[in-house]
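[1] 3D model of this:
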Amino acid sequence: MPSTISLLLIVVGLIFMWRNRARCYAIAWRVGALLNTLGAIILYLACAPFFATWLASSLERMVPPLRPANAPQCDAIVVLGSSFHWHRDQLDQTYVLSATADRFRVAVEAYKLGKAPLLVLGGGGKPDEPTVTEGNFQKQMAQELGIPESAIVVGPQATNTEGEAIQHAATLRSLHVKKILLATSAFHLPRAAMQFRALGFEVVELPCHYLTAGIDEQFSGRMLLPRGQALEQTETCLKEYLGLLSAKLFPAKQVAIERAP
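    All right, here's what the predicted structure looks like:
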């Protein structure tokens, strides 16, 4: 988002300046110069590690840290999706865990500590492969880690957090679940917990995958130097803030889900 906005400001500013290049003191030329400057500032801040770290920590501080061993007893542990990738070549297709797979590891740990009798897995799939879902992949991994099949529930596919919460809500209600231990990335937890609470569940946040490693990165001169990774983190965090605003204005609502006979 900030990269798109900043580049758009710069392009428009350059057009204004070019069309009025013969009159450097004209209002239109000054407007173009101002747009260029504003675009450059936005782009720099979005790429600056100190700004990206501040954004991430502001989200992560909304949820207190909690170790699985200290979590209270719940009715189910819910693991949100987006924790694995497809990797395909000409000969084979492999499924590998992504950087956010820490949520799956933490949820399995909580289950083995007896924090809930059910492990609820969800996530999306690929449009061209409807039979392959993240939930089924995680179910296989959970079984390999010693969790019985009877304790694993695979939720329906979803393409976003609100959709996943709504889909999970129907499954959880059918199992008479009222209190859940919600495992997802720390920066994503405020929005995800808000969606589940809007659907009537008591939520205990189980944060993992900290973008700031759980603490604010100590400031140094290197944090002033632009990095591509910082831009990605900035855009991720701004998306979460927009999602929080949307969740407050338009809370998730339970809908009837048709099931196969």
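[2] now for Asp197, how many residues are close by?
    Wrong residue type there; residue 197 is Arg, not Asp. 16 (other CB atoms under 10 Å). All C-beta atoms are positioned from the backbone trio N, CA, C, and that covers glycine.
[3] so where do the strands sit in the stretch 51-200 of the chain?
    Counting by DSSP state E, counting those that start in this stretch, the stretch 51-200 of the chain has strands at residues 76-79, 84-88, 93-97, 119-121, 125-126, 129-133, 152-154, 179-185.
[4] what mean pLDDT would you report for the last one?
    The reference is to strand 179-185. For strand 179-185, mean pLDDT rounds to 95.
[5] that one: how far from the chain's middle?
    Relative to the centre of its chain, strand 179-185 is centred 13 Å away, using CA atoms, centre = their mean, to the nearest Å.
[6] just checking: what are the partner strands of that strand?
    Next to strand 179-185 in the sheet, as set by DSSP bridges, lie strand 76-79 (parallel), strand 202-208 (parallel).
[7] mind listing what's buried along it?
    Buried residues in strand 179-185, counting neighbours by 16 or more other CB atoms under 10 Å, are found at Ile180, Leu181, Leu182, Ala183, Thr184, Ser185.
[8] can I get these in CSV including distance to Lys139?
    Shown next, in CSV, are those (distance: CB to CB, whole Å):
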residue, distance to Lys139
Ile180, 18
Leu181, 18
Leu182, 18
Ala183, 15
Thr184, 18
Ser185, 21
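[9] what is the nearest of these to Leu14?
    Ser185 (38.0 Å; CB to CB).
[10] and that closest one, bridged to which residues?
    With DSSP bridges as the rule, Ser185 is bridged to Cys208.
[11] surely it touches Thr212?
    No - contact between Ser185 and Thr212 fails when scored by CB atoms under 8 Å: they sit 11.5 Å apart.
[12] quick one on the thing from earlier: and which of the buried residues of strand 179-185 is nearest Leu199?
    When the buried residues of strand 179-185 are ranked by distance to Leu199 (CB to CB), Ile180 comes first, at 10.3 Å.
[13] how near is the closest one to Ala169?
    Applying CB to CB, to the nearest Å, the value for Ile180 to Ala169 is 10 Å.
[14] can you pull the residues that touch both of these two?
    Common neighbours of Ile180 and Ala169 (criterion: CB atoms under 8 Å, 6 or more residues apart in numbering): Phe196, Phe201.
[15] correct me, but Ala56 touches Gln233?
    Yes - counting by CB under 8 Å, Ala56 touches Gln233, with 6.0 Å between them.
[16] tell me how many other residues crowd the nearest residue to Tyr210 once chain neighbours are set aside.
    Nearest non-adjacent residue to Tyr210, counting by CB to CB, 6 or more residues apart in numbering: Ala186, 4.9 Å away. The number of residues packed near Ala186 is 25, by other CB under 10 Å.
[17] kindly report the same for Trp54.
    Trp54, neighbours per other CB under 10 Å, totals 17.
[18] how much space between it and Phe196?
    Per CB to CB, Trp54 is found 27 Å from Phe196.
[19] give me the below-cutoff pLDDT ranges for the stretch 151-261 of the chain.
    Applying pLDDT under 70 to the stretch 151-261 of the chain flags residues 213-218, 254-261.
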